[in-house]
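**Student:** Next come a sequence and a model predicted from it.
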Amino acid sequence: MNWKKIIIVGLVAEVAAFIVGNILYLNPWTASVYSASAASYCSKPMEPFGGVGSWLLLMFAGGILSSILLTLLYSYTEKGIKIEPNWKKGLFFGFLFWIVSGLPTAYNTWLLHSYPDLLVAVEAFNGLVGVLVAGTVIGLVYEKIK
């Protein structure tokens, strides 16, 4: 197992997913959805983490770990995905990951919690886009790193 490769690819994937994720989550429309739903869910304030900047760094750190683990999973499965070119292989991998992880999470959130339906849909969609971006980047970069 090439840990250096897995860590480098995971870092690159997280940078791309973090940028896209921030565009998806910090845009005015999504902010208005969260603001309109604030009374319906319990969200932690950012101040105990040191404000928005520190909170974003913590989000990025968690995302790095997640992307490295996603790359590790890709390293075990990529030979079984018979799709070319590699970016399409990564895109398909990301979609499969969302099907077995993101979609059930969204369903269980909708079923078990009093989260507003629109918020569940926004988070499911943004999660899908994020993992598609990460998967595509993993597919593109994985074969290039030795």
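**Tutor:** Arrived safely.
**Student:** Output the below-cut-off pLDDT ranges for this structure.
**Tutor:** 39-42 (pLDDT under 70).
**Student:** As a check, name the ranges of all helices in it.
**Tutor:** Along the chain, counting by DSSP state H, helices occupy 3-25, 28-36, 52-77, 86-97, 103-112, 117-142.
**Student:** Indicate which one of those helices is closest to M46.
**Tutor:** helix 52-77 (4.3 Å; CB to CB). All C-beta spots, glycine's among them, are computed from the backbone N, C-alpha and C.
**Student:** how far is that closest one from where the chain is centred?
**Tutor:** On the basis of CA atoms, centre = their mean, to the nearest Å, helix 52-77 sits 8 Å off its chain's mean C-alpha point.
**Student:** hmm, back to that, can you say which of the helices of the chain is nearest to K44?
**Tutor:** Closest among the helices of the chain, using CB to CB: helix 52-77, at 9.0 Å.
**Student:** That closest one relative to helix 86-97, how many degrees between them?
**Tutor:** On the basis of axes from the mean of the first three to the mean of the last three CA atoms, to 10 degrees, helix 52-77 is oriented at 100 degrees to helix 86-97.
**Student:** which helices and strands sit right next to helix 52-77?
**Tutor:** helix 3-25, helix 86-97, helix 117-142 (3 or more CB pairs under 8 Å, 6 or more residues apart in numbering; DSSP states H and E).
**Student:** Could you dump those into TSV and include distance to Y34?
**Tutor:** Shown next, in TSV, are the helices and strands packed on helix 52-77 (distance: least, CB to CB, whole Å):
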stretch	distance to Y34
helix 3-25	8
helix 86-97	25
helix 117-142	7
